[in-house]
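S.K.: Next input, structure requested:
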Amino acid sequence: MSVFDSQIYRAHFATPEMRAVFSDARLVDYWLRFEVELAAAQAELGVIPKEAADAIAKAAVSANIDLVKLGQDTHRVGRPIAPLLSQVKAAGGKFVADHLHLGSTTQDPMDTATVLQIRDGLDIVQRDLRMLILKLADLAEVHKATPMIARTNGQDAIPTTLGMMLASYMTELHRHSDRLQSARKRVLVGQFGSAVGTLSSAGPQGLKTRALLMKRLGLAEPDLSWNASRDNYAEVVLTLALLHGTFGRVATDINLWSRTADNGINEGEGGASSTMPQKRNPRAAEFLGGLAELARMRAGGAMAMMGQSETRQGGPWISEWSTIPEMFLLTSASLDKAIRLFSKLIVRSDVLLERFNDSQQYAMAEAVQTWITPKAGRGPANDLIKAAIKKAQAGTPFKQVILGDAKLRGLVGTENIDKLLAPGSYLGLAPEMVAQAVGKARAAFP
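M.R.: Numbers count the residues shown, from 1 in each chain. Sure, this is the predicted structure:
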């Protein structure tokens with residue numbers, strides 16, 4: 001059984017709201033809506049009688065659809081639309097049967113329904129993404145000048161600020177939001193093209209029918225039938241994959257910062273151990289990382305979706321039925337966990353400062369170098385500090401290295417040493433940059 005279906009695990013892998021968007025009930029509703037709006041558009045253009053469109057609207061309702069039978073028949077024929085139409089015809093009689101699905105083909109309602117589901121899914125994703133970005137903006141502003149050690153390649157580097165780290169997530173997520181917004185104009189486009197996209201069975205009013213149908217559905221009209229062109233779907237899936245890529249980075253950072261050796265940042269909702277009473281495992285970060293791995297697999301599925309041939313190929317099309325819903329389900333779960341994580345984040349500023357002592361304040365070497373460069377020159381300053389460190393006994397704190405080298409001590413000035421070794425004195429323009437980034441984010445999401 002899939003984790004998406006498991007009563008035990010399912011809440012970790014999708015929110016109820018997103019699950020409803022990609023439910024059988026919503027999908028059937030959208031298939032039926034396509035048929036109703038198609039008939040209404042054709043009636044308005046005089047292609048079919050208005051009475052036929054009215055009859056179709058009465059018959060094509062979810063109350064007339066037996067999902068169990070639909071599932072059985074779909075398993076038999078491989079596609080759900082013909083079995084669906086059979087049930088609608090049975091509910092509406094000959095008048096409906098003569099005019100239902102006129103000029104259309106199975107791919108038309110199926111693709112269009114998927115687009116409508118994507119629209120609903122994107123509304124949820126973009127709403128929650130906005131909430132997360134603004135939450136990060138608030139935290140980044142509070143901690144724009146909170147010093148913490150920056151690490152490169154896992155090694156202590158120089159001071160940064162917690163706000164700078166949080167703002168980096170915020171700006172990255174903001175770019176993903178822009179990407180999703182841009183993708184909407186390409187993906188929220190319906191499909192109506194008859195058997196192979198030529199509108200051959202739609203009659204001379206085919207193009208007008210398509211335009212009116214899309215207007216009624218609230219979708220854009222395609223430039224051309226897109227039977228084998230799946231780049232629209234793939235773009236959305238891959239953009240959501242980028243979002244998970246950011247969540248994977250967040251997961252790694254939170255896991256590192258909350259380990260016992262660091263412990264300056266913790267999740268507010270830690271997970272218990274079954275045997276170790278002291279443990280507070282970073283569960284949100286853990287799941288963000290796991291969900292990011294699952295999203296990576298669906299990103300590969302996006303490329304598989306594009307493996308079409310000629311006008312239509314069943315295999316890649318079938319893969320979409322799994323890849324698209326699952327990517328949206330995973331995304332809803334990740335956004336939910338990320339919002340909860342940052343809403344209850346525990347920050348211990350004093351512990352973040354203590355971490356500078358782990359390297360015996362060698363992380364402040366660049367600060368000292370920058371201070372003496374105007375007097376000694378950039379190259380000589382660097383060489384002088386390296387030489388002083390090399391000649392000092394192993395394990396000597398950096399402050400003692402400075403005091404133990406007469407030339408270095410003279411350039412620094414004993415009265416300046418403690419100030420230069422204070423992490424808060426070497427934050428660069430981090431607070432200003434964070435404030436600027438926060439301002440831009442808030443302006444974009446008023």
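
S.K.: Tell me how many other residues crowd Val88.
M.R.: Counted with other CB atoms under 10 Å, residues neighbouring Val88 total 23. For the C-beta atoms, the positions are set from N, CA and C on the backbone; glycine is no exception.

S.K.: Verify the stated contact: it with Ala59.
M.R.: Yes - at 5.1 Å, Val88 counts as touching Ala59 under the criterion of CB atoms under 8 Å.

S.K.: Can you check which residues contact both of these two?
M.R.: Shared contacts of Val88 and Ala59, defined by CB atoms under 8 Å, 6 or more residues apart in numbering, are found at 96, 100.

S.K.: pretty sure Leu67 contacts Ser23?
M.R.: No - applying CB under 8 Å as the test, Leu67 and Ser23 come out as separate, 10.5 Å apart.

S.K.: Show me how the record splits the protein into domains.
M.R.: Domain assignment for the chain by automatic domain parsing gives 10-19+106-136+160-347, 355-444.

S.K.: Among the ones you listed, show me which one is buried the most.
M.R.: Among these, ranked by average contacts under mean count of other CB atoms under 10 Å, first place goes to domain 10-19+106-136+160-347 (a mean of 19).

S.K.: Could you pull up the mean pLDDT of that one?
M.R.: Mean per-residue pLDDT for domain 10-19+106-136+160-347: 93.

S.K.: Look at Gly154 and report its pLDDT.
M.R.: At Gly154, the model reports a pLDDT of 88.

S.K.: So it versus Val351, what's the distance?
M.R.: Separation of Gly154 from Val351 (CB to CB, to the nearest Å): 19 Å.

S.K.: And for Ser168?
M.R.: 21 Å.

S.K.: repeat for Tyr233
M.R.: The separation that Tyr233 has from Val351, given CB to CB, amounts to 46 Å.

S.K.: Please apply the same query to Gly289.
M.R.: 23 Å.

S.K.: Could you pull up the contacting residues of the nearest residue to Lys375 once chain neighbours are set aside?
M.R.: Distances taken as CB to CB, 6 or more residues apart in numbering place Leu411 nearest to Lys375, at 5.5 Å, with adjacent residues excluded. When contacts are counted by CB under 8 Å, 6+ apart, Leu411 touches 372, 375-376, 381, 384.

S.K.: three-state assignment of Ile149?
M.R.: The three-state label given to Ile149 by DSSP: H, G, I helix; E, B strand; the rest coil is strand.

S.K.: and it, how many neighbours?
M.R.: For Ile149, using other CB under 10 Å, the count is 22.

S.K.: how close does it get to Lys399?
M.R.: Remark: distance between Ile149 and Lys399 (CB to CB) = 17 Å.

S.K.: on that earlier part again, neighbour count: Gly154 and Val351, which is higher?
M.R.: Legend: neighbour count by other CB under 10 Å for Gly154 and Val351, higher for Val351 (15 against 6).

S.K.: isn't that one right next to Asn263, touching?
M.R.: Yes - here Val351 reaches Asn263: they are 5.7 Å apart, a contact under CB under 8 Å.

S.K.: re earlier: with respect to Gln308, which of the contacts of Leu411 is nearest?
M.R.: Ala381 (61.3 Å; CB to CB).

S.K.: Could you dump the domains of the chain into TSV with distance to Ala97 added?
M.R.: Listed next are these as TSV, based on distance: least, CB to CB, whole Å:
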stretch	distance to Ala97
domain 10-19+106-136+160-347	16
domain 355-444	51
